[in-house]
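In: sequence first, predicted model second:
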Amino acid sequence: MRIAICLTVVMMAGSPVLSAAPPRPYHLQLEAYPAAPFPFLSKFGSMTIDLYPQGVRAETFWLNAFSTLGAKTLTVENPINRSYSEVPLAEIAPDLHKLSTYGSTLADPPVVKAPVKGTVQGIEATRYRFVYGASAWLDLWTTNAVPENAQMRSLEIEIVRGIAPGTVAALQSVRGTPVYIELNFRRFKKVALLKLKSLAFDSHGESDALQPGTLYFKAPSWDAIWK
């Protein structure tokens, strides 16, 4: 489950400092399919990801989670027992690494091909191809239609670090917001890991998405949520 919000104050010699305008509201919705190539994530099924200027939210049929801009934690909710817990971002990679059964295929760094311009569902985008072998590559499409979301990017880095540590450096060199990811490996041909669902330039739902649900209680530990 990339984006960083940058505000620049322009100063002209001898002129007053201009006030930074608030970031333009947006709501980018994506759908992820992590279980397609990674069976150890099958309990999550498909995942809906909502990106807003102030953070990111993900929902599955089992657990939900959100993280606000600048936070060092991921708040995980269990809608069944209406509880939540905060997980340090630094714990995501080690936990995923323990669960991973993918092997060493993604441990080596890929070769990143020159970017190619195109569109994803009518939105201007750039394709970055990560090549792992003669018949193994991953296509990552990003867009600049919305600013990069720093919180989404932090989460992506930790997730990739846990599953494919060799890819982290290559991922950090790519800019833009991911809107489509496709895997092409020997056993997985044209497998979509991430798809764009919708893009709107408004802030509807942002406040509710980035706080615990009504009448949720804080669990004593992450294990109480997970299990």
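Out: Great, that's in hand.
In: where does this structure dip in pLDDT?
Out: Flagging of the chain using pLDDT under 70 yields the residue ranges 1-22, 40, 100-107, 222-227.
In: please redo it, this time with the cut-off set to 50
Out: Counting by pLDDT under 50, the chain shows low-confidence ranges at 1-19, 103.
In: which residue ranges of it form strands?
Out: 27-32, 47-52, 55-59, 64-68, 73-78, 83-88, 111-112, 116-120, 123-133, 136-143, 177-184, 191-200, 217-218 (DSSP state E).
In: any idea which of those strands gets closest to Ala209?
Out: Within the strands of the chain, the stretch nearest Ala209 is strand 55-59; the backing value is 4.3 Å (CB to CB). No exception for glycine: its C-beta is placed from N, CA and C like everyone else's.
In: tell me what the closest one is packed against?
Out: For strand 55-59, the packing partners by 3 or more CB pairs under 8 Å, 6 or more residues apart in numbering; DSSP states H and E come out as strand 47-52, strand 64-68, helix 150-163, helix 206-209.
In: could you rerun that using 6 Å?
Out: Helices and strands touching strand 55-59, as assessed by 3 or more CB pairs under 6 Å, 6 or more residues apart in numbering; DSSP states H and E, comprise strand 47-52, strand 64-68, helix 150-163.
In: what's the closest of these to Glu124?
Out: When the helices and strands packed on strand 55-59 are ranked by distance to Glu124, counting by CB to CB, first place goes to strand 47-52 at 17.2 Å.
In: buried stuff in that closest one?
Out: Of the residues in strand 47-52, those buried by neighbour count under the rule 16 or more other CB atoms under 10 Å are 47, 49-52.
In: likewise for stretch 49-65?
Out: 49-60, 63-65.
In: now, which of the residues you listed sits nearest Gly213?
Out: Using CB to CB, the shortest approach to Gly213 within the buried residues of stretch 49-65 belongs to Asn64, at 8.0 Å.
In: how near is the closest one to Pro115?
Out: Between Asn64 and Pro115 the distance is 34 Å, computed by CB to CB, to the nearest Å.
In: what's the answer for Leu193, then?
Out: Here the distance between Leu193 and Pro115 works out to 19 Å (CB to CB).
In: equivalent analysis for Arg129, please.
Out: For Arg129, the distance to Pro115 (CB to CB) stands at 9 Å.
In: Ala36 too?
Out: From Ala36 across to Pro115, the span is 25 Å (CB to CB).
In: cool, and Arg161?
Out: In this structure, Arg161 lies at 23 Å from Pro115, with CB to CB as the measure.
In: now swap in Ile123 and tell me
Out: Between Ile123 and Pro115 the computed distance is 16 Å (CB to CB).
In: export the helices and strands packed on strand 55-59 as CSV, with columns for distance to Gln211.
Out: Formatted as CSV, the helices and strands packed on strand 55-59 follow (distance: least, CB to CB, whole Å):
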stretch, distance to Gln211
strand 47-52, 12
strand 64-68, 8
helix 150-163, 14
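In: using CSV, write down the CA coordinates of stretch 141-150.
Out: Presented in CSV, the C-alpha positions along stretch 141-150 are these (Å, rounded to 0.1, in the frame of the first residue of the first chain):
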residue,chain,number,x,y,z
TRP,A,141,2.7,3.2,-12.7
THR,A,142,2.8,6.5,-10.8
THR,A,143,1.0,9.8,-11.3
ASN,A,144,1.6,13.5,-10.4
ALA,A,145,-2.1,14.2,-10.6
VAL,A,146,-2.0,14.5,-6.7
PRO,A,147,1.0,15.4,-4.6
GLU,A,148,3.0,12.6,-3.0
ASN,A,149,1.6,11.5,0.4
ALA,A,150,4.5,11.1,2.8
